[in-house]
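K.L.:
I would like to see how this sequence folds:
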Amino acid sequence: MNVFIVHAHENEASFCSALKDKAVSYYKACGHDVAVSDLYKMNFNPVAGRGDFKSLSKSDHYKVQQEQVHAFTNDLFADDLNLEMAKLDRADMVIFNFPLWWFSLPAILKGWVDRVFAMGYAYGGGKGVYETGVFGNKKALLTFTTGGPEFTYGADGKNGDIDKVIFHIQHGMLYFTGMQTLPPFIVYGAARISAEERAGKLAEYELYLENLDKLKSVF
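P.N.:
Numbers count the residues shown, from 1 in each chain. As a prediction, this is how the structure comes out:
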């Protein structure tokens with residue numbers, strides 16, 4: 001199996017990064033191929049724009065989605081995007097690994113989605129979405145940490161039901177492109193738990209990865 005981890009945390013010593021390292025070590029130990037895009041280490045540019053294309057169409061009106069379709073049709077994506085798309089093409093499993101920021105993805109990871117899930121490549125241009133999406137042969141999951149404790153993300157919590165908080169990511173990004181989206185692995189209040197609790201969470205994460213085939217897709 002080919003596993004692709006898109007990692008978005010600047011601090012290599014963070015617990016979020018430790019989760020990424022756990023996934024890498026687990027899958028490699030199982031004999032799988034693992035590719036990692038460490039976005040901060042790569043200094044990945046999250047801003048979609050003209051720099052995404054080696055040349056533009058001859059349209060009088062610049063529109064990024066139109067240029068994405070043109071680039072896909074004519075092999076005109078910038079080299080950094082071609083590299084990310086190649087990793088995604090090979091992947092059987094895609095993992096977004098990140099800290100939850102403002103109820104969403106960190107900007108660098110959201111920008112990765114903006115640029116890599118390009119129209120014409122990941123959807124549109126004759127391609128379907130959701131159950132007919134182009135990445136229907138891939139599984140995907142979110143692995144993330146939160147600042148707040150678990151009770152704040154319950155049905156009656158001040159932060160709201162976590163499933164609703166991440167709906168726009170799981171449904172609007174992963175499943176939108178056809179991916180079979182598995183239940184997330186979440187570590188609540190990671191900065192506030194003890195070293196022993198973190199070690200326990202890493203062991204729990206490995207067990208979670210071992211049992212992914214038994215989990216039913218959320219979407």
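
K.L.:
model confidence for Arg60, exactly?
P.N.:
Let me fix one detail, which is that residue 60 is Asp and not Arg. As predicted, Asp60 sits at a pLDDT of 87.

K.L.:
number of residues surrounding it?
P.N.:
5 (other CB atoms under 10 Å). (Glycine included, C-beta is placed from N, CA and C.)

K.L.:
also Asp38?
P.N.:
17.

K.L.:
the residue of the chain most remote from its centre: what secondary structure?
P.N.:
No residue in the chain sits farther from the centre than Asp60, which is 34.0 Å out by CA atoms, centre = their mean. Secondary structure, DSSP: H, G, I helix; E, B strand; the rest coil: Asp60 is coil.

K.L.:
for it, give me phi and psi.
P.N.:
Reported as degrees, to the nearest 10, the phi and psi values for Asp60 are phi -80, psi -20.

K.L.:
same question for Val134.
P.N.:
Per degrees, to the nearest 10, the backbone of Val134 is at phi -70, psi -20.

K.L.:
mind listing what it touches?
P.N.:
Tyr121, Ala122, Tyr123, Lys127, Gly128, Thr177, Gly178 (CB atoms under 8 Å, 6 or more residues apart in numbering).

K.L.:
what subset of those residues is buried?
P.N.:
Buried members of those, counted by 16 or more other CB atoms under 10 Å: Tyr121, Ala122, Tyr123, Lys127, Thr177, Gly178.

K.L.:
what's near enough to touch the residue nearest to the second one when sequence neighbours are not counted?
P.N.:
This points to Ala122. Excluding its sequence neighbours, the residue lying closest to Ala122 (CB to CB, 6 or more residues apart in numbering) is Thr177, at 4.8 Å. Going by CB under 8 Å, 6+ apart, Thr177 touches Phe117, Ala122, Tyr123, Val129, Gly133, Val134, Phe135.

K.L.:
the same query, at a cut-off of 7 Å, please.
P.N.:
With contacts defined as CB atoms under 7 Å, 6 or more residues apart in numbering, the neighbours of Thr177 are Phe117, Ala122, Tyr123, Gly133, Val134, Phe135.

K.L.:
could you pull up phi and psi at it?
P.N.:
Per degrees, to the nearest 10, the backbone of Thr177 is at phi -90, psi 10.

K.L.:
gap between it and Gly160?
P.N.:
Note on Thr177: its distance to Gly160, by CB to CB, to the nearest Å, is 25 Å.

K.L.:
equivalent analysis for Phe53, please.
P.N.:
According to CB to CB, Phe53 stands 38 Å off from Gly160.
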